[in-house]
Every structure is written in C-alpha cells, then in structure tokens.
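K.L.:
need a 3D model of the following:
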Amino acid sequence: MAIAAGVRKIVLSGVAAAALMGAGWEGWHWWHEGRFIEATDNAYVHSDVSVVSAKVSAYVREVRVAENQEVRAGDVLAVLDDQDFRAKVAEAEASVAAQRAAFGTIDSKLELQRALIDQAAAALSSAEVEQRRAQQDYDRTRSLASESWTSKQKLETAEADLSKAAAGVARARAALQAEKDQIAVLDASRVEAEAHLRQAEAALQTARNDLENTVVRAAVDGVVGNRGVQVGQYARPGVQLMALVPLPDVYVLANFKETQLERMRLGQKVTVTVDAYPGRVLEGQVESLAPASGSQFSLLPPENATGNFTKIVQRVPVRIALPRDNALAGLLRPGLSVEAEVDTRGAENHPHVAGSIFGTAQAAPAIASK
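P.N.:
Got it, this is the predicted structure:
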C-alpha cells in the first residue's frame, strides 16, 4: 500500500508538473504571439465576377461557349441576329451619301456663285464705262447747244442716254450686291449641310456599333459560369446571359468583428485555410478595409433610434489579397468557406489613420510571389 501510494504521488506530481509546464508554454505563446492574432471563420473566397449581357436587343443566333469553359478576353461568347442591324447600317450609309451629295452641291453652287459675281462685276464695269461715255457725249452736246451749234433734240437725246447709262450702273451695282449676298446664304446652307452630314455620320457610327455589338465577346479572361442563354432566346440589354469568373484572380473577404480592428493595418500577414482543402495553408496580406460595416450596405440598414434597441457587435469586411501563384492557384472558387488569422504584431509602427487603414490614401503593398 505504501508503494502504491508513492507511485500515485509520483504520477500525480508528474501530471501536475506537465500541466504547469503546458500552462506556462500556453501563457508564453499567448503573450508573444496569440494575443496578436485576430481570427474569424466568417470569411469566404471572392472574385470580381463579370456579368455578361447584350448591348442590343435581338434573338440569339449562336452560343459558342459551354458551361465551365475557359475563355480569353475578346473571345466570341454568343452571336445575335444581325439582319435588322445590317439594314440600319445600309440606311445610315445612304443617308451619309445623300448628305455628302448635298454638301457637294452647295460647294458647286458656291463656285458658280463666285463666277456670277465676277460676271456681275464685269457688267458693272461695262455700265460704268458706258456711263462715262454718255457723260462725255452729254457734256459735248450741251457745250455745242449753248452756242447753237447743235439742235435741242440732240441735247435731249444725250441727256436721256446719260440717264439711261446711270440707271444701268445702278442696276449693275445692285445685281453685283445681290450676287455677293447670295454667297452668305450659300455659306449658311453649307454650315447647315455640314451639320446634317456630321449627324448622319454619327448615326452611321451608332448603327455600326450596334451591328458590332450583335457579337457578344468576353471582356476579361475567365471561366464561363451560370450560363442561362440559349439559341432563339430574345436578349435584352442588361439581362444576364452568363457570368465570367476570372480565375485564379481570387481574394478572401473576411468579416471581422469591430472589436478586432483596433490593431489591424494594411499589409499585415494573414494565414488562410480553406475548408475544401484541409491541411493546405495559404499566406496573404490585408489589402483594404471596407468603409462601413456590412449592415450599412444591407437592403434595410438598421435604424437604432428606436425604443427596442439591442446592441449587436458589427462586422467589417476586410479584403485579403492572395498571390496568383499560391498553392491552390486555379482550385479556389468564389464562395468557398475559409478561416483567416491576421497577425497584428507591429501595428504600433503603422499609425491608425483613415488614409492607411481604409486604403483611400495609400495602395496596399504588392504581394511577392512565393
């Protein structure tokens, strides 16, 4: 019995010592590392998914991609019926041709009008010469008539010729001015025709753009998902045809409690584990923090100015960047659940200012490839 009691005492002493050492090690670990780790399992893989929709309304003639197919930017995803759009392009081209013809006609009229001005100027010069001749005849005849060397009838005829020549000069001068005024009218018509031509060219470009938009292309590299378009379907602008997920350009969005943000800074190291791939640890870094809590962006933001207020710990989305060449590159899919742990050590070296913590004044540091 004494031996058994001694053994029991030794065992209990060993267990107590082990427990004390374990507690000491846990305390040491918490003090040097654990108290700086902010963790959450309210985190998910995200990606900037591109929603593909048509820019024009038409029936779908072809669908050239399958579900989960990888595509490159510029690849054709679907083709819409373009018969009506080709007709609109032809109509717009005819309108442009007509406006250009009208523009050319006005230019021809301007050239003709300049010739008519020259002709009117020549007629005025001729009328002025005729007036000078009539004036000289009148002066000579009046001189002779004053000395009774010629008849009064000839004097009256010379006077009438002079008046006629003066009227001819006035008429020629008025005709020249009228021809010059016509230039201003034609110039105004030319400006109007030029505006109509630009309008027709703009309409033609719009028609060509619509025709080009009957071919739906990929805006980014990615994988086709949620493909709901079928041949014969009537596509409308803004209605989703499919989605493009840009893999492996993914990131983690972790929703941390507001009480975990005090020491969180941009660029801090983050350890990420994905539920779908247990045992695989990824390293990322804090890229940015949302400008408001998630509740503020909800469909119905909370209204706390009521009598039944209950305080609830809010969560703020934190974007965590992952390197493109991470161990799970190409395997991560948006929506996968992850657990994130942020190492906040060294936060005192980064001031807690709005510009840095919210990512509005500084960009997050680039992630080095591992």
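
K.L.:
for residue 174, helix, strand, or coil?
P.N.:
Assigned state for residue 174: helix (three-state reduction, DSSP: H, G, I helix; E, B strand; the rest coil).

K.L.:
need the distance between the two termini of stretch 75-88.
P.N.:
Start and end residues of stretch 75-88 are separated by 26 Å (C-alpha to C-alpha, to the nearest Å).

K.L.:
now it: buried residues?
P.N.:
For stretch 75-88, a neighbour-count test (16 or more other C-beta atoms under 10 Å) marks 77, 78, 79, 80, 82, 84, 85, 88 as buried. Quick note: C-beta positions are derived from backbone N, CA and C, even for glycine.

K.L.:
of those, which belong to helices?
P.N.:
Residues from the buried residues of stretch 75-88 lying in helices, with DSSP state H as the criterion: 84, 85, 88.

K.L.:
so who does the first one touch?
P.N.:
Under the criterion of C-beta atoms under 8 Å, 6 or more residues apart in numbering, the neighbours of residue 84 are residue 58.

K.L.:
mind checking pLDDT for it?
P.N.:
At residue 84, the predicted lDDT confidence score is 94.

K.L.:
next: the one 10 residues further on.
P.N.:
According to the predicted model, the pLDDT of residue 94 comes to 94.

K.L.:
if I've got this straight, it is in a strand?
P.N.:
No: applying three-state DSSP, one finds residue 94 to be helix, outside a strand.

K.L.:
how deep is it tucked in, by neighbour count?
P.N.:
Here the number of neighbours of residue 94 (other C-beta atoms under 10 Å) works out to 12.

K.L.:
what about it, distance to residue 71?
P.N.:
37 Å (C-beta to C-beta, to the nearest Å).

K.L.:
for residue 174, same thing?
P.N.:
For residue 174, the distance to residue 71 - C-beta to C-beta - is 75 Å.

K.L.:
so these two - more neighbours on which side?
P.N.:
Shown here are residue 174 and residue 71; by other C-beta under 10 Å, residue 71 has more neighbours (18 against 12).

K.L.:
so for that one, what's the nearest residue that isn't a sequence neighbour?
P.N.:
Using C-beta to C-beta, 6 or more residues apart in numbering and skipping residues adjacent in sequence, the residue nearest residue 71 is residue 218, 4.7 Å away.

K.L.:
so what's the residue count around that neighbour?
P.N.:
Counted with other C-beta under 10 Å, the neighbours of residue 218 add up to 19.

K.L.:
who's in contact with it?
P.N.:
Taking C-beta under 8 Å, 6+ apart, one finds 52, 71, 72, 73, 74, 75, 77, 244 in contact with residue 218.

K.L.:
for those residues, which one is nearest residue 105?
P.N.:
Minimum distance to residue 105 across the contacts of residue 218 is 43.3 Å, recorded for residue 74 (C-beta to C-beta).

K.L.:
and that closest one, its phi and psi?
P.N.:
The phi/psi pair for residue 74 (degrees, to the nearest 10) reads phi 100, psi -10.

K.L.:
list the contacts of it.
P.N.:
Contact analysis of residue 74 by C-beta under 8 Å, 6+ apart lists 217, 218.

K.L.:
name the SS class of the residue nearest the centre of the chain, please.
P.N.:
Centrality entry for the chain: nearest residue to the mean C-alpha point is residue 219, 12.7 Å, by C-alpha atoms, centre = their mean. What three-state DSSP gives for residue 219 is coil.

K.L.:
can you name the residues that contact it?
P.N.:
Residue 219 makes contacts with 50, 52, 73, 244, as judged by C-beta under 8 Å, 6+ apart.

K.L.:
for these, pick the one with the most neighbours.
P.N.:
residue 244 (26 neighbours).

K.L.:
possible to save the buried residues of stretch 75-88 as TSV with distance to residue 295?
P.N.:
Listed next are the buried residues of stretch 75-88 as TSV, based on distance: C-beta to C-beta, whole Å:
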residue	distance to residue 295
77	37
78	39
79	44
80	41
82	47
84	48
85	46
88	49
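
K.L.:
of all those residues, which comes closest to residue 209?
P.N.:
residue 85 (9.5 Å).

K.L.:
how many residues are close by the closest residue to residue 246 other than its chain neighbours?
P.N.:
Using C-beta to C-beta, 6+ apart and skipping the chain neighbours, the partner closest in space to residue 246 is residue 222 (4.3 Å). Close neighbours of residue 222, defined as other C-beta under 10 Å, add up to 23.

K.L.:
with the one 4 residues further on instead?
P.N.:
By the other C-beta under 10 Å criterion, the neighbourhood of residue 226 contains 14 residues.

K.L.:
how about residue 247, what does it touch?
P.N.:
Contacts for residue 247 were tallied using C-beta under 8 Å, 6+ apart; they are 47, 222, 223, 330, 332, 333.

K.L.:
find the helix or strand that the third one is a member of.
P.N.:
Taking DSSP states H and E as the definition, residue 223 sits inside strand 222-225.

K.L.:
can you pull out the helices in the stretch 151-300 of the chain?
P.N.:
Secondary structure of the stretch 151-300 of the chain (DSSP state H, counting those that start in this stretch): helices located at 152-212.

K.L.:
point out where it drops to low pLDDT.
P.N.:
151-153, 155-156, 158 (pLDDT under 70).
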